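Student: missing the sequence, but the structure's below:
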Ligand SMILES: Cc1cc2nc3c(=O)[nH]c(=O)nc-3n(C[C@H](O)[C@H](O)[C@H](O)COP(=O)(O)OP(=O)(O)OC[C@H]3O[C@@H](n4cnc5c(N)ncnc54)[C@H](O)[C@@H]3O)c2cc1C
């Protein structure tokens, strides 16, 4: 039985409630995509635009997973870039620089081309949570400028922070005018509608139970089967095939968001007059932005052990009030959570398990941009253009050969260390 979208601000304001049929009977396509989040829908749309016949098979609803629940922050670059620079060499590092905003560009082009209404706004800030973090942020901006990729970056000096955000808690930061924020469920549903309009067959309520590669790739659900030349395991899909072959690569981690009642215009003018999306510089970070109807969407408090807080409002609101005491009396209208897939290197895992079975996953909380980039990289690879795919495929990921729950406990301990470090 398919699960509905979780109760969230996004589900309450979704502007496209199209449902797609359950997979019944046998179908034959060029590419079968498992998973209807950004990774899957974006792969399908890119491939269909290039003339492939494509089917997407989703266990629940389009955008049911992280893609329909996230903070909506469209952040430049892949996570963990610094961790793998040494592995990639100068050409690889240059390529990463060239694709830093590729996901943004794909999203922006699609919003215009298919008329997707998802409240997109540009302007994103990393705020220094500690005075000592500011030097790291300056170095990052300097490095980007030296690479010739500094367009749209601005340092916010500690003395100027109050003119950007209505809080005394941060110690400066930088703004990236090319990054921004959007309503992720409306983007995902809009992209699905666009994909369906050019022939992609989308099936919901159709959990994939079996995946077969080899000479005759196909997937099987309770009531149907799809034969394809290639299969894409798109995102945090969950089935024995993937669990077996990718065991120990990604670890699901809880992240949570609250949405206040709408703020007044005066409150917005004081708190976030430039309508920026903001993430702080801690490893276990807070992130926030305003919705299209001026609510404060405030997220954070990752839970690496996977035990969800019983009362999300009670877990998150005190931190929101610590940053913005002005919002102390605001009602919390929505609170929800989802799973972020963490890879130990922090770099997304893009590769293949067999010549015709591809996977893309593990965006570590940077998936809005990167899913779109990764989807294009996999679509390129299916078409025979391998340069970017090979760059990611050759990254040596750390795999923990332990059951997921053990890995999550280890991750929780590691993150506790970083949380203490953040606090010092
Ligand atoms: C609370 C939260 C906040 C976040 N904030 C941000 C942010 O601000 N900015 C950012 O860039 N990223 C953020 N992220 C991360 C981002 O949302 C993800 O990286 C991205 O959405 C991953 O997309 P996906 O398509 O790979 O996975 P998902 O969206 O999870 O999609 C996977 C889909 O596969 C389906 N599926 C699973 N198993 C099967 C099966 N057997 N058969 C068929 N279908 C199956 C699921 O139902 C699901 O719909 C956040 C994530 C969370 C949870």
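Tutor: Yes, it's here. The model shown is predicted, which means the values in this text are computed figures rather than measured ones.
Student: can we go C-alpha only for contacts and neighbour counts from here?
Tutor: Noted.
Student: for the ligand, what are the nearby residues on the stretch 251-400 of the chain?
Tutor: For the stretch 251-400 of the chain, the residues in contact with the ligand (Cα under 6 Å from any ligand atom) are 255-256, 337-340, 361, 363, 365-369.
Student: Please repeat the previous calculation with a cut-off of 5 Å.
Tutor: 255-256, 337-340, 363, 365-368 (Cα under 5 Å from any ligand atom).
Student: Could you list the low-pLDDT ranges of the protein?
Tutor: Counting by pLDDT under 70, the chain contains low-confidence ranges at 237-240, 242-243, 301-306, 400-424.
Student: Quick check, central residue of it?
Tutor: Nearest to the geometric centre of the chain sits residue 367, at 2.1 Å (Cα atoms, centre = their mean).
Student: Could I get the contacting residues of residue 39?
Tutor: 234-235, 360-361, 371-372, 374-375 (Cα atoms under 8 Å, 6 or more residues apart in numbering).
Student: Could you dump those residues into CSV and include secondary structure?
Tutor: Putting these into CSV (DSSP: H, G, I helix; E, B strand; the rest coil) gives the following:
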residue, secondary structure
234, strand
235, coil
360, strand
361, strand
371, helix
372, helix
374, helix
375, helix
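Student: Which one of those residues sits in the busiest neighbourhood?
Tutor: Counting neighbours by other Cα atoms under 10 Å, residue 374 comes out on top of the contacts of residue 39 with 31 neighbours.
Student: Compute the distance between residue 187 and residue 119, please.
Tutor: Between residue 187 and residue 119 the computed distance is 9 Å (Cα to Cα, to the nearest Å).
Student: Residue 347 now?
Tutor: Between residue 347 and residue 119 the distance is 28 Å, computed by Cα to Cα.
Student: Between the two, which is the more surrounded one?
Tutor: Legend: neighbour count by other Cα under 10 Å for residue 347 and residue 119, higher for residue 347 (24 against 15).
Student: what's the distance between that one and the ligand?
Tutor: Between residue 347 and the ligand the computed distance is 11 Å (Cα to the nearest ligand atom, to the nearest Å).
Student: again, but for residue 14
Tutor: In terms of Cα to the nearest ligand atom, residue 14 sits 16 Å off from the ligand.
Student: which one is that residue nearest to, not counting chain neighbours?
Tutor: Using Cα to Cα, 6 or more residues apart in numbering and skipping the chain neighbours, the partner closest in space to residue 14 is residue 186 (5.7 Å).
Student: show me the residues around that neighbour that make contact.
Tutor: Taking Cα under 8 Å, 6+ apart as the test, what residue 186 contacts is 10, 14-16, 68, 116-118.
Student: Residue 77 now?
Tutor: By Cα under 8 Å, 6+ apart, residue 77 lies in contact with 96-97, 99-101, 369-370.
Student: Mind checking which of the residues you listed are in helices?
Tutor: Counting by DSSP state H, the members of the contacts of residue 77 that fall within helices are 96-97, 369-370.
Student: Is it possible to get the contacts of residue 77 out as a markdown table so that each row also shows neighbour count?
Tutor: Output for these, formatted as a markdown table (neighbours: other Cα atoms under 10 Å):
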| residue | neighbour count |
| --- | --- |
| 96 | 20 |
| 97 | 19 |
| 99 | 17 |
| 100 | 19 |
| 101 | 20 |
| 369 | 26 |
| 370 | 31 |
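Student: Can you tell me which of those is closest to the ligand?
Tutor: Set against the ligand, the nearest of the contacts of residue 77 by Cα to the nearest ligand atom is residue 369 (5.7 Å).
Student: quick one: contacts for the closest one?
Tutor: Residues near residue 369 by Cα under 8 Å, 6+ apart: 74-77, 101-104, 107.
Student: Scan those residues and report the most crowded one.
Tutor: Top of these by neighbour number is residue 75, holding 29 neighbours under the definition other Cα under 10 Å.
Student: what's the burial count for residue 148?
Tutor: Using other Cα under 10 Å, the number of residues around residue 148 comes to 10.
Student: Residue 88 too?
Tutor: Going by other Cα under 10 Å, the residues that sit close to residue 88 add up to 18.
Student: so which of the residues of the stretch 251-400 of the chain next to the ligand is the most crowded?
Tutor: Neighbour counts for those (other Cα under 10 Å) peak at residue 367, which has 30 neighbours.
Student: Sketch out the strands for the stretch 151-300 of the chain, chain order is fine.
Tutor: 153-156, 173-181, 201-203, 210-212, 218-220, 224-234, 250-260, 277-280, 287-290, 296-303 (DSSP state E, counting those that start in this stretch).
Student: want to try JSON lines for the ones you listed, with distance to residue 398 as columns?
Tutor: Shown next, in JSON lines, are the strands of the stretch 151-300 of the chain (distance: least, Cα to Cα, whole Å):
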{"stretch": "strand 153-156", "distance to residue 398": "32"}
{"stretch": "strand 173-181", "distance to residue 398": "29"}
{"stretch": "strand 201-203", "distance to residue 398": "34"}
{"stretch": "strand 210-212", "distance to residue 398": "25"}
{"stretch": "strand 218-220", "distance to residue 398": "28"}
{"stretch": "strand 224-234", "distance to residue 398": "20"}
{"stretch": "strand 250-260", "distance to residue 398": "9"}
{"stretch": "strand 277-280", "distance to residue 398": "26"}
{"stretch": "strand 287-290", "distance to residue 398": "27"}
{"stretch": "strand 296-303", "distance to residue 398": "21"}
